[in-house]
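# Build me a structure from this.
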Amino acid sequence: MSILPICITGEPVLHRVAAPIETFDSELSDLVADMIETMHAAPGVGLAAPQVGVGSQVFVWRYGGAGSFDSHYRDVLQLDEGPARGFNTALSGVVVNPTLDLVWDTEGAGAILPAQPDMVRESEGCLSVPGYGYPLRRALGAVLRGYDVDGNAIEVSARGWLARIFQHEYDHLQGTLYVDRLSEPYAAQAQRVIAERGWGACGHAWTPGERA
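Modelled structure (predicted):
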C-alpha cells in the first residue's frame, strides 16, 4: 500500500465527472487499498478517486460517530438506534459506481435545524481544499447504492454526519467540490482563500505528512 498525493482544487480531474469502473480486478483493489491508506494518513473521513488523480467512480469512507453535529442531534436523529433501524450500519467501506438518494426530512428532524447552516456543527472541510472549513447545509439522510471491490451489490442507508460524508464524496465523482455549493458570504471567502494560496489551477497537490 502507498500514500498517494492528494490533488488540490484546480486540478482538472477534480472538476469533471468521473468514469464508471468497468473491470473489478487487482488494479481496482490496489487503488482502493492505497486510497484507504491515504485517507487514514491525511487524516480524513472520506476520499474519492479523483482526489488522488484517478477519474474513476469509486470512493472510500470511515466515520467514528463522534462529530459535534451527531452529538448535538443524536436523540432526535435516533442515531443510537441506527443499526436496529437499518441505517449507519457501515461506518467504513468502499463503493464503486455509486448512486445516491437524498432524504431531506424537512418536516421531521430537519425542521429543527436553524435557517442558516451552523458555523460549527455544519462546518465542512475537504482534503482538496486543505486546512479550511465552511458551513454547508446537507440532507440529513442518504441511501448509497453501488458495488464493492469484488462487484457485489451494496446498499447503505445513512443519517446524520455519515450521510454528509456520502454526499461530499459522491459530489467528487460528479466533479463538484463542497466549496462549489457554498452560499454567501462563505463562497466568496473560499474563493479568496483559493486565490491567495495560488490554487485553482492544475499542478497543485499535497501528500499526507508534508505541508500542503
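# So which bits of stretch 74-82 are buried?
Across stretch 74-82, burial judged by 16 or more other CB atoms under 10 Å covers L77, Q78, L79, G82. C-beta coordinates here come from the backbone N, C-alpha and C atoms, glycine included.
# Where do the strands of the protein begin and end?
6-7, 46-48, 58-62, 92-103, 123-125, 133-135, 141-147, 153-159, 205-206 (DSSP state E).
# how close does the most far-flung residue of the chain relative to its centre sit to Q191?
Computed with CA atoms, centre = their mean, the residue of the chain farthest from its C-alpha average is E107, at 25.2 Å. Counting by CB to CB, to the nearest Å, the gap from E107 to Q191 is 34 Å.
# quick one on the thing from earlier: deepest-packed of the strands of the chain, please.
strand 46-48 (a mean of 27; mean count of other CB atoms under 10 Å).
# so what secondary structure elements neighbour that one?
In terms of contacts (3 or more CB pairs under 8 Å, 6 or more residues apart in numbering; DSSP states H and E), strand 46-48 is packed against helix 26-41, strand 58-62, helix 161-173.
# could you dump those to JSON lines with mean pLDDT?
Converted to JSON lines, these look like this (pLDDT from 0 to 100):
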{"stretch": "helix 26-41", "mean pLDDT": "98"}
{"stretch": "strand 58-62", "mean pLDDT": "98"}
{"stretch": "helix 161-173", "mean pLDDT": "98"}
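# closest to V103 out of the ones you listed?
Closest approach to V103 among the helices and strands packed on strand 46-48 is made by helix 161-173 (7.6 Å; CB to CB).
# Against which helices or strands is that closest one packed?
Helix 161-173 packs on strand 46-48, strand 58-62, helix 68-73, strand 92-103, strand 141-147, strand 153-159, going by 3+ CB pairs under 8 Å, 6+ apart.
# let's go with 6 Å and repeat that
Contact here means 3 or more CB pairs under 6 Å, 6 or more residues apart in numbering; DSSP states H and E; on that basis helix 161-173 packs against strand 46-48, strand 141-147.
# Of those strands, which is nearest V179?
With CB to CB, the closest approach to V179 among the helices and strands packed on helix 161-173 belongs to strand 46-48: 14.7 Å.
# Who does that closest one pair with, and is each partner parallel or antiparallel?
Here strand 46-48 is paired, per DSSP bridges, with strand 58-62 (antiparallel).
# Contacts for stretch 111-122 next, please.
S68, F69, H72, P135, L136, R137 (CB atoms under 6 Å, 6 or more residues apart in numbering).
# Could you report the neighbour count for the closest residue to the first one other than its chain neighbours?
Distance criterion CB to CB, 6 or more residues apart in numbering; nearest residue to S68, sequence neighbours excluded, is R121 at 5.0 Å. Using other CB atoms under 10 Å, R121 is surrounded by 17 other residues.
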